[in-house]
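Pasting a predicted model and its sequence here:
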Amino acid sequence: MPEIRQDVTTKEWVIFAKERAKRPEDFKRGVNRELSSPYVDGCPFCAGNEAMTISEVYRQPSPHGMGGVDWGLRVVPNLFPALVDKGDLARIAEGNLFHRLDGVGQHEVVIETPLHNRFIHEMGDDETTAIIDAYRARFTELRDDDRFKVILIFKNHGKAAGTSLEHPHSQIIATPVVPAHIRNKYEIATAYFDDTERCIYCNVVQEEIRLEKRIVLLTDAFVAFHPFASRAPFETWIAPLKHRSSFGRITDEEAADFAAVLRIVLRKMYVGLGDPDFNYVIHTAPLTDEDKHYYLWHMQILPRLTTPAGFELGSGMSINTVLPEETAEFMRGVQIS
């Protein structure tokens, strides 16, 4: 019989269609994607093509002097930004009902490596930590601009996840409004805190650790698990064990620990699922609420193994064909070198 589960952090329901059930191993891609060369002519993110991007806003040196390249990571403004760093935030009425404002914000690209074919799952811990350090540095810089309300850090890997350039990169967008999706999650967390004086996300983490069956990886500082009401097969959360509402407040040690867990989780996905396309997002409190206790920052990773169809679009409910208890057990068993 199908099962319907509720995500307590959003109040949304997810259908688990057991009649359509697949085994976790059935989601593995038949063949891993072909790796291109370390340098691709015409790629704006490859070493040697720096002039093809807008002047960088952040740089880290190469940790190993890769092939004579003097940088290991760069952050540049997006050449085709969703939002731009100019304009007026005053709301403009159009007729009696509609409102608009200029698309003010910041849209940056984190070029994670000078090598075209070096992805996080192949990196060492120092390279992955450099990525997390860059996220935190840019978060800190953008936080000081009082025009911005939310800073979203995300990665699209593969065509099904929406990427247009193969070179390993992620993105940061600062917005002048709090999107309804984020506001809804935060309002639920606030109401729960008002009732219990506890963080609902911390409670979720503690309960997942207590039950154990959906845990993929547990360290002294972080836990990776497949949520009880996973919206898609192999959806993974990485959450800190110490309460922090804002990703921007993490310490150097926590950044290194988080990077190590992220690398292991993505390596397990690469080996176990055959390099699936995926998105990841760092969920963090709105900037005006960073020091409050209602929220716990965390990363959500969504492998793009299925395609939402009419029911999902019409109802807002997701249909998952495999239970998170089964996918977490499968991932725990994936051996990585």
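Arrived safely, thanks for sending.

Report pLDDT for Ala239.
Ala239 carries a pLDDT score of 98 in this model.

whoops, I mixed them up, Lys28
82.

Kindly report the same for Met66.
pLDDT recorded at Met66 is 59.

And Pro63, by the same measure?
Predicted confidence (pLDDT) for Pro63: 70.

likewise Glu19?
pLDDT for Glu19: 71.

three-state assignment of it?
Here Glu19 is helix, with the state taken from DSSP: H, G, I helix; E, B strand; the rest coil.

how far away is it from Leu218?
According to Cβ to Cβ, to the nearest Å, Glu19 and Leu218 sit 33 Å apart. Glycine gets a C-beta too; all of them are placed from N, C-alpha and C.

Looking at the two, which one has more neighbours?
Comparing Glu19 with Leu218 by other Cβ atoms under 10 Å, the one with more neighbours is Leu218, at 15 against 7.

Helix, strand, or coil at the closest residue to that one other than its chain neighbours?
In this structure, Leu218 finds its nearest non-sequential neighbour in Ile209, 6.6 Å apart by Cβ to Cβ, 6 or more residues apart in numbering. Here Ile209 is recorded as helix under three-state DSSP.

Count the neighbours of Ile209 for me.
15.

That one contacts Thr219, correct?
No - counting by Cβ atoms under 8 Å, Ile209 sits too far from Thr219 to count as a contact (11.4 Å).

Show me the shaky parts of the stretch 51-200 of the chain.
Scanning the stretch 51-200 of the chain for pLDDT under 70 picks out 64-67.

On the strand side of things, show who the residue positioned nearest the centre of the chain bridges to.
For the chain, Val281 is the residue whose C-alpha lies nearest the centre (Cα atoms, centre = their mean; 1.9 Å). Here Val281 sits in beta bridges with Phe154, Gln300, as judged by DSSP bridges.

Hmm, Ile151 and it touching each other?
No - if you go by Cβ under 8 Å, Val281 and Ile151 don't touch, sitting 11.5 Å apart.

just checking, what packs against the longest helix along the chain?
Longest helix of the chain, by residue count under DSSP state H: helix 252-273. If you count contacts as 3 or more Cβ pairs under 8 Å, 6 or more residues apart in numbering; DSSP states H and E, helix 252-273 packs onto helix 125-143, strand 215-218, strand 222-225, strand 236-240, strand 298-303, helix 324-333.
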